[in-house]
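In: Below are the sequence and a predicted model; questions follow.
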Amino acid sequence: KKNPVQSYVTKHTKGNIAVIDDHIKLPKLGLVRFAKSREVHGRILSATIRRNPSGKYFVSLTTEVKGPELPKTNSAVGIDVGLKDFAILSDGTIYSNPKFFRSLEEKLVKAQRILSRRQERALQQKKPLNEAKNYQKQRKKVASIHEKIVNARTDYLQKMSTEIIKNHDVIGIEDLKVANMRKNHHLAKAISEASWSQFRTMLEYKAEWYGKTDPTRTSQCCHACGHTEKANRPSQAEFVCQKCGHTDNADVNASKNIKELALTV
């Protein structure tokens, strides 16, 4: 049978690293079978192997490729993020907040209680946790639920950010001080679950990849006349300018202001 090492494509190699069909050749490990999530393009620069808490191994490849040019849309948009709706665009588009953590919170709490009981049992038996099979089995179950939440959230953010980048040339988003906002204990969990910072990071690097542009009190400023006053936003959803009487959805008004800021940078 033909040796698969002899069939690799040169551009997919870097020293002792090579992708060969459904195998990857790694230094010291040799050929390792793996599930390829996507085709490898360009010259491989490095490979990073990591193991997540649920016990799964992943290999990440850094490659050198020329990014594709997206067609120009001649469109600019401002984005305001929130908790009720995740993102509100100045063109009226609204992206919902799926709240992935809340959907699995009950299951996670139950699994964590079982884990806690198994930990106590292992300690009572004076057994090291790394040798307690029942504890380790349950620990992986808890990690798997966390992993499912993270994967679902990341997939949603990736698809949403890509859609926005493809449809607009200039993207403005408010620079939120998330760390300060988390000090509100009533909203801390919801803010952490929303992952606004991760969403902004995705928009920034995708804007750089595809040649797009991303740029304050935008929530209290009237888009119609520019008057800024705290009383302009009497509620979370309502905007009423105290000077000119302009009314709008508060998040849509804020996203329009962010769009204008993005166009001036």
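Out: Yep, that arrived. Being a predicted model, the structure only gives us computed values, none of them experimental.
In: For this structure, give me the ranges with low pLDDT.
Out: 1-15, 175-189, 191, 213-219, 261-265 (pLDDT under 70).
In: So Lys148 lies in a helix, does it not?
Out: Yes. Applying DSSP: H, G, I helix; E, B strand; the rest coil, one finds Lys148 inside a helix.
In: Chain neighbours aside, what residue packs nearest to it?
Out: Nearest residue to Lys148, sequence neighbours excluded (C-beta to C-beta, 6 or more residues apart in numbering): Leu104, at 6.7 Å. All C-beta atoms are positioned from the backbone trio N, CA, C, and that covers glycine.
In: Settle this for me: the one you found is touching Asn151, isn't it.
Out: No. Leu104 is beyond contact range of Asn151, at 11.4 Å (criterion: C-beta atoms under 8 Å).
In: and these two? which has more neighbours close in?
Out: Leu104 (16 against 11; other C-beta atoms under 10 Å).
In: That one is in what secondary structure piece?
Out: Applying DSSP states H and E as the criterion places Leu104 in helix 100-124.
In: what comes into contact with that helix?
Out: Outside helix 100-124, the residues within contact range by C-beta atoms under 8 Å, 6 or more residues apart in numbering are 128-129, 132, 134-135, 138-139, 141-142, 145-146, 148-149, 152-153, 156, 189, 193.
In: filter those residues to the buried ones?
Out: Ala132, Tyr135, Gln138, Arg139, Val142, Ile145, His146, Lys148, Ile149, Arg153, Tyr156, Glu193 (16 or more other C-beta atoms under 10 Å).
In: Most widely separated two among these?
Out: With C-beta to C-beta as the measure, no two of the buried ones among the contacts of helix 100-124 lie farther apart than Ala132 and Tyr156, at 35.8 Å.
In: Can you give me every residue that contacts Glu260?
Out: By C-beta under 8 Å, 6+ apart, the residues touching Glu260 are Gly78, Gly172, His223.
In: quick one: it and Gln242, what's the gap?
Out: According to C-beta to C-beta, to the nearest Å, Glu260 stands 20 Å off from Gln242.
In: Same check on Lys206?
Out: Here the criterion is C-beta to C-beta. By it, Lys206 lies 38 Å from Gln242.
In: When the two are compared, which one has more neighbours?
Out: Comparing Lys206 with Gln242 by other C-beta under 10 Å, the one with more neighbours is Lys206, at 20 against 13.
In: ok so that one is a helix residue?
Out: Yes. Counting by three-state DSSP, Lys206 is found in a helix.
In: Surely Leu45 forms part of a strand?
Out: Yes. Using three-state DSSP, the assignment for Leu45 is a strand.
In: Pretty sure Val59 sits against Ile49.
Out: Yes. In this structure Val59 lies within contact range of Ile49 using C-beta under 8 Å: 5.1 Å.
In: Identify the contacts common to these two.
Out: Residues touching both Val59 and Ile49 by C-beta under 8 Å, 6+ apart: Leu26.
In: okay, the two: which has more neighbours?
Out: Using other C-beta under 10 Å as the criterion, Val59 and Ile49 rank with Val59 on top: 15 against 12.
In: What segments of the stretch 1-150 of the chain are strands?
Out: Along the stretch 1-150 of the chain, counting by DSSP state E, counting those that start in this stretch, strands occupy 13-14, 17-20, 23-26, 30-33, 43-51, 57-64, 76-81, 85-89, 94-96.
In: most packed of the ones you listed?
Out: Burial of the strands of the stretch 1-150 of the chain is given as mean neighbour count (mean count of other C-beta atoms under 10 Å); strand 76-81 ranks first at a mean of 24.
In: Please save the CA atoms from that one in CSV.
Out: What follows is strand 76-81, C-alpha atoms only, in CSV (Å, rounded to 0.1, in the frame of the first residue of the first chain):
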residue,chain,number,x,y,z
ALA,A,76,-22.6,52.4,6.1
VAL,A,77,-24.2,51.1,9.2
GLY,A,78,-24.1,51.9,13.0
ILE,A,79,-24.6,49.1,15.5
ASP,A,80,-26.0,49.5,19.0
VAL,A,81,-25.9,46.4,21.3
